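# attaching a predicted model along with its sequence, questions to come.
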Amino acid sequence: MQLEFIPVEEFYFALTLAVRTLDDLEKPGLVAQVRSHFQTQYGQPSTVASGKQNTFNYVFRVLDVDNSPSPMLIVSISDYQDKLRLSSDYGWMLDAQRKPIRTDNFSQREQFAQQLRSHLQQSLQLPLS
């Protein structure tokens, strides 16, 4: 799995309309470790998060996973109420009225979530499973 960071200058709200939560991971210190790693590696988050329950949101394009019929796959990694939230539009797409609808890949969301956790665990050297 290859993730390409989307900086705030390139982020468009429309990209996240079909993004839904994959997993909320709650482990002591995990949010702080991920925040520190991402700030060091990417700098400013993709979107400005305000408030105590959400302080960062890093958004990535996934370059080597098929999300047909959607032409692109997005992953969002954020904090929410002291949990690490993994979200994606895998298995979703926007219809002509820009409303999220399920695709054939929807039934494979848990497998994709496991693949994402595994990738992040390896790249961040953190126990996510």
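Done, it's in.

# how many neighbours does the closest residue to Thr47 other than its chain neighbours have?
Distance criterion C-beta to C-beta, 6 or more residues apart in numbering; nearest residue to Thr47, sequence neighbours excluded, is Asn57 at 4.5 Å. (Glycine included, C-beta is placed from N, CA and C.) Other residues within reach of Asn57, judged by other C-beta atoms under 10 Å, total 21.

# cool, Lys52 as well?
Residues within reach of Lys52, counting by other C-beta under 10 Å, total 7.

# any idea which helix or strand carries it?
Under DSSP states H and E, no helix or strand contains Lys52.

# three-state assignment of the spatially closest residue to Gln44 that is not a sequence neighbour?
Nearest residue to Gln44, sequence neighbours excluded (C-beta to C-beta, 6+ apart): Val8, at 5.6 Å. Going by DSSP: H, G, I helix; E, B strand; the rest coil, the secondary structure assigned to Val8 is coil.

# and Gln33, by the same measure?
Strictly by three-state DSSP, Gln33 counts as helix.

# so how far is Gly29 from the nearest residue to it once chain neighbours are set aside?
Nearest non-adjacent residue to Gln33, counting by C-beta to C-beta, 6+ apart: Leu126, 5.9 Å away. Counting by C-beta to C-beta, to the nearest Å, the separation of Leu126 from Gly29 is 9 Å.
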